[in-house]
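Student: From the sequence below, what's the structure:
(one chain, ligands or ions: 1)
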Amino acid sequence: MTERGLCRRLQPYGSSIFSEISALSARHNAVNLGQGFPDFDGPEEVRNAAAAAVIDGPNQYAPLAGLPSLRHAITAWYQRWYGVAIDPDHEVTVTSGCTGAIGDAMLGVLEPGDEVLLIEPWYDSYPASVVMAGGVCRYAKPASPGYVIDRDVLEAGVTSKTRMLVVNSPHNPTGRVYRESEWDVIEAFCVEHDLVLFSDEVYETLVFDGVHRSALARPELRSRSIVASSVGKTFSLTGWKIGWTVAAPPLTEAIRGAHQFTSFCVSTPLQVGAVVALELPDSYFEEFLRGYRSRRDQLVSGLRSIGLDPIVPQGTYFTLVDLAPLGVDDDRAFCERLIRDLGVAAIPTSAFHEDRRSGPIRFAFCKQPEVLDQAIERLSRIGELLP
Ligand SMILES: Cc1ncc(COP(=O)(O)O)c(C=O)c1O
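Tutor: This is a model prediction of the structure:
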């Protein structure tokens, strides 16, 4: 038999940088500040609700669009936080995490050859999902270290074949929260070029400075946006993979058209748990943010104490450190040495650029304070690795 391997269209994407760094990190027993998952679990009452559902049911297939109770809880979520009214029956689809939302949206909406404009640095599943759906990636390249999105940056990547723009705020990996003026630019751009906007809002509750704006709250974007999120980050349940899309009925129909054949539906008892999560009182979110602000400040001041110059993220649970001024010109090789020689894992951001140019390295602070301390202690020898 002819030997078969990964299909050609996915070969450029190889294995994800997160899997590679996590595997290397495990092999060297490193402190893993690479992949963005907390080393603590979400609220006990949420986990108890899911456990009870596993024991007592429901344990059979959920409806394709998601349990009605979860779709109603998602609807109430957008009303509660953004004052946006959503129809739970025709505008909400429960997906396999935000990653599933991205995949289902691309598969349901794109025609072969449709172009999708991605903004560097991107989340790694975007380009692969576009390509799996038969689309073509184009890139907008805001300049570092500001990464501000303006009209010129977006116009440089658009053509007559562009069908969709993908945005992400709060942004992984830069920690930026889009300004009002950037949303103005995005809105006008999408309207003028008649684009669908895919707005990845998975870090929506992790905002330290500024305010998160949902694309759904903008009248001109309401009918052309697919907003995606999940319980992974907000409730420290990344392994549950319960996410969703919210979009106007025609876009929702497209997403569901794909979702019925990618997974049909996602874990029923965990959807029951997700309802309890979304309905938690304000005090949960205040405490959640307080905890993350403290971890952010701990990591940023720790990195400063050893002579590095991290950005202070406005949102998400990541910070970036640019080592180019210290002579590092290959972020990936440097991250491998960090793991092997110092026992700390970080993510090279070159993986999120079209030309793979060396960039800042990303540290996650969704870890216990003692783990962050241990990482800083190990990193204090970073000078030994610098040229
Ligand atoms: C920007 C962004 N989008 C989507 C995801 C995936 O979310 P989920 O775990 O819900 O699939 C992540 C996870 O790190 C992310 O950083």
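Student: Return the distance of the nearest residue to residue 237 once chain neighbours are set aside relative to the ligand.
Tutor: Excluding the flanking residues, the one nearest residue 237 by C-beta to C-beta, 6 or more residues apart in numbering is residue 42, at 4.2 Å. C-beta: built from backbone N, CA, C; applies to glycine. Distance from residue 42 to the ligand, counting by C-beta to the nearest ligand atom, to the nearest Å: 13 Å.
Student: and residue 42, which of the three is it?
Tutor: Look at residue 42: counting by DSSP: H, G, I helix; E, B strand; the rest coil, its state is coil.
Student: mind saving the C-alpha coords of the longest helix anywhere in the chain as CSV?
Tutor: Determined from DSSP state H, the single longest helix within the chain is helix 282-305. Presented in CSV, the C-alpha positions along helix 282-305 are these (Å, rounded to 0.1, in the frame of the first residue of the first chain):
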residue,chain,number,x,y,z
ASP,A,282,-20.8,38.7,40.3
SER,A,283,-18.6,37.9,43.3
TYR,A,284,-17.1,34.9,41.4
PHE,A,285,-16.0,37.1,38.5
GLU,A,286,-14.6,39.8,40.9
GLU,A,287,-12.6,37.2,42.8
PHE,A,288,-11.4,35.6,39.6
LEU,A,289,-10.1,38.9,38.3
ARG,A,290,-8.5,39.8,41.6
GLY,A,291,-6.6,36.5,41.6
TYR,A,292,-5.4,37.0,38.0
ARG,A,293,-4.4,40.6,38.6
SER,A,294,-2.3,39.4,41.5
ARG,A,295,-0.7,36.7,39.3
ARG,A,296,0.0,39.1,36.5
ASP,A,297,1.6,41.6,38.9
GLN,A,298,3.7,38.8,40.4
LEU,A,299,5.0,37.5,37.1
VAL,A,300,5.6,41.0,35.7
SER,A,301,7.5,42.2,38.7
GLY,A,302,9.4,38.9,39.0
LEU,A,303,10.5,39.2,35.4
ARG,A,304,11.5,42.8,36.0
SER,A,305,13.5,41.8,39.1
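Student: Now do it: which elements does it pack against?
Tutor: Where contact means 3 or more C-beta pairs under 8 Å, 6 or more residues apart in numbering; DSSP states H and E, helix 282-305 is packed against strand 318-321, helix 369-379.
Student: which of the residues in that helix are buried?
Tutor: Within helix 282-305, the residues that count as buried by 16 or more other C-beta atoms under 10 Å are 284, 288, 292, 295, 296, 298, 299, 300, 302, 303.
Student: Likewise for stretch 127-144?
Tutor: Neighbour-count burial for stretch 127-144 [16+ other C-beta under 10 Å]: 127-133, 135-142, 144.
Student: How about stretch 192-209?
Tutor: Residues of stretch 192-209 classed as buried: 193, 195-208 (neighbour count, 16+ other C-beta under 10 Å).
Student: That one: how far from the chain's middle?
Tutor: Stretch 192-209 sits 10 Å away from the centroid of its parent chain (C-alpha atoms, centre = their mean, to the nearest Å).
Student: before we move on, what about stretch 360-372?
Tutor: With C-alpha atoms, centre = their mean, you get 17 Å for stretch 360-372.
Student: Now this structure against the ligand: closest residue?
Tutor: residue 97 (2.6 Å; C-beta to the nearest ligand atom).
Student: Next up, the contacts around that residue.
Tutor: Residue 97 is in contact with 230, 232, 238, 240, 241, 242, 243, counting by C-beta atoms under 8 Å, 6 or more residues apart in numbering.
Student: Report how many residues lie close to residue 123.
Tutor: Other residues near residue 123 come to 19 when the count uses other C-beta atoms under 10 Å.
Student: Residue 215 contacts residue 225, doesn't it?
Tutor: Yes. Between residue 215 and residue 225 there is a contact at 4.3 Å, judged by C-beta atoms under 8 Å.
Student: what touches both of the two?
Tutor: Joint contacts of residue 215 and residue 225 (C-beta under 8 Å, 6+ apart) are 197, 199.
Student: quick one: which of the buried residues of stretch 127-144 sit in helices?
Tutor: Short answer: these in helices (DSSP H) are 127, 128, 129, 130, 131, 132.
Student: Tell me which residues touch the third one, please.
Tutor: Contact criterion C-beta under 8 Å, 6+ apart gives 102, 103, 106, 107 as the residues in contact with residue 129.
Student: before we move on, what about the fifth one?
Tutor: With contact taken as C-beta under 8 Å, 6+ apart, residue 131 is in contact with 9, 10, 13, 137.
Student: on that earlier part again, what sits up against the longest helix of the chain?
Tutor: Contacts for helix 282-305 (C-beta under 8 Å, 6+ apart): 43, 205-208, 234, 309-310, 312-313, 317, 319, 321, 363, 365-367, 369, 372-373, 375-376, 379.
Student: so it versus helix 369-379, what angle?
Tutor: 20 degrees (axes from the mean of the first three to the mean of the last three C-alpha atoms, to 10 degrees).
Student: now helix 282-305: mean pLDDT?
Tutor: What helix 282-305 shows for mean pLDDT is 98.
Student: Show me where the chain has its strands.
Tutor: 31-32, 92-96, 115-119, 136-140, 162-168, 196-200, 225-230, 242-247, 318-321, 344-345, 347-348, 361-364 (DSSP state E).
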